[in-house]
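> next input, structure requested:
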Amino acid sequence: MTDDTAESESAALRAWRDGLADIAFSGAFMDADGSAECVVDLARQIADHPQRLLPEMVAQVEALAAANAQASAALALVEPLASFMLSGAPGGRYLATVVLLGQVDEHHAEGASAALALCGALATALAGGSEDRRANVVSDDDHNVYRLN
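Numbering: from 1, shown residues only. Here you go, the predicted structure:
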């Protein structure tokens with residue numbers, strides 16, 4: 001492999017991880033109505049990995065999201081890649097924890113729906129390893145605090 005090829009692959013991986021971080025960040029602020037959009041965006045981003053991870057999942061996730069089964073769509077993405085835990089958080093929000101297969105680090109996210117929490121946690125886990133990530137704790141205009149770590 002030439003240095004140019006390695007740099008190109010490295011740039012592609014950084015761009016892929018940045019896309020995941022953007023999905024995790026924006027999902028933290030979405031209301032539950034944004035769940036279908038978020039889970040489909042995550043499926044497409046995962047499939048766009050330079051090594052083409054889970055390309056067959058996009059159609060399944062799109063179909064589940066179109067059938068208003070966003071939590072099932074998010075689980076279809078999480079289950080092949082990670083162990084997970086989902087719980088209710090104060091204020092009717094959800095908290096998801098994922099651990100990528102073969103790893104020990106936990107990644108957490110909160111969301112207005114189970115799908116958003118699962119997508120945020122999985123996107124955060126997959127995006128790990130880049131120094132340019134957005135802040136792990138963010139707040140909105142109403143001073144609600146959301147965790148992405």
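> quick one, what contacts the nearest residue to residue 109 once chain neighbours are set aside?
Of all residues not flanking residue 109 in the chain, residue 120 sits nearest, at 2.8 Å (CB to CB, 6 or more residues apart in numbering). (Glycine included, C-beta is placed from N, CA and C.) By CB atoms under 8 Å, 6 or more residues apart in numbering, the residues touching residue 120 are 23-24, 27-28, 96, 109-111, 148.
> out of the residues you listed, who's the most crowded?
residue 27 (31 neighbours; other CB atoms under 10 Å).
> give me the three-state assignment for that one.
Put simply, residue 27 is helix when judged by DSSP: H, G, I helix; E, B strand; the rest coil.
> pLDDT value on it, please?
In this model, residue 27 is scored at 90, pLDDT.
> surely it meets residue 109?
Yes. Between residue 27 and residue 109 there is a contact under CB atoms under 8 Å: 7.3 Å.
> which neighbours do these two have in common?
With CB under 8 Å, 6+ apart, residue 27 and residue 109 have common neighbours 116, 119-120, 123.
> among those residues, which are in helices?
116, 119-120, 123 (DSSP state H).
> return the member of those residues nearest to residue 61.
Nearest to residue 61 among those: residue 119, at 10.3 Å, using CB to CB.
> list the beta-bridge partners for residue 84.
On the basis of DSSP bridges, residue 84 takes part in beta bridges with residue 98.
> contacting residues for the most centrally placed residue in the chain?
Closest residue to the average C-alpha location of the chain: residue 123 at 2.3 Å, with CA atoms, centre = their mean. By CB under 8 Å, 6+ apart, the contact set of residue 123 is 20-21, 23-24, 27, 42, 45, 109.
> what about the residues you listed, which are in helices?
In helices, judged by DSSP H, the following of the contacts of residue 123 are found: 20-21, 23-24, 27, 42, 45.
> with distance to residue 67 added, can I get those residues in CSV?
Converted to CSV, these look like this (distance: CB to CB, whole Å):
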residue, distance to residue 67
20, 25
21, 28
23, 21
24, 24
27, 20
42, 17
45, 21
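> understood, closing this out.
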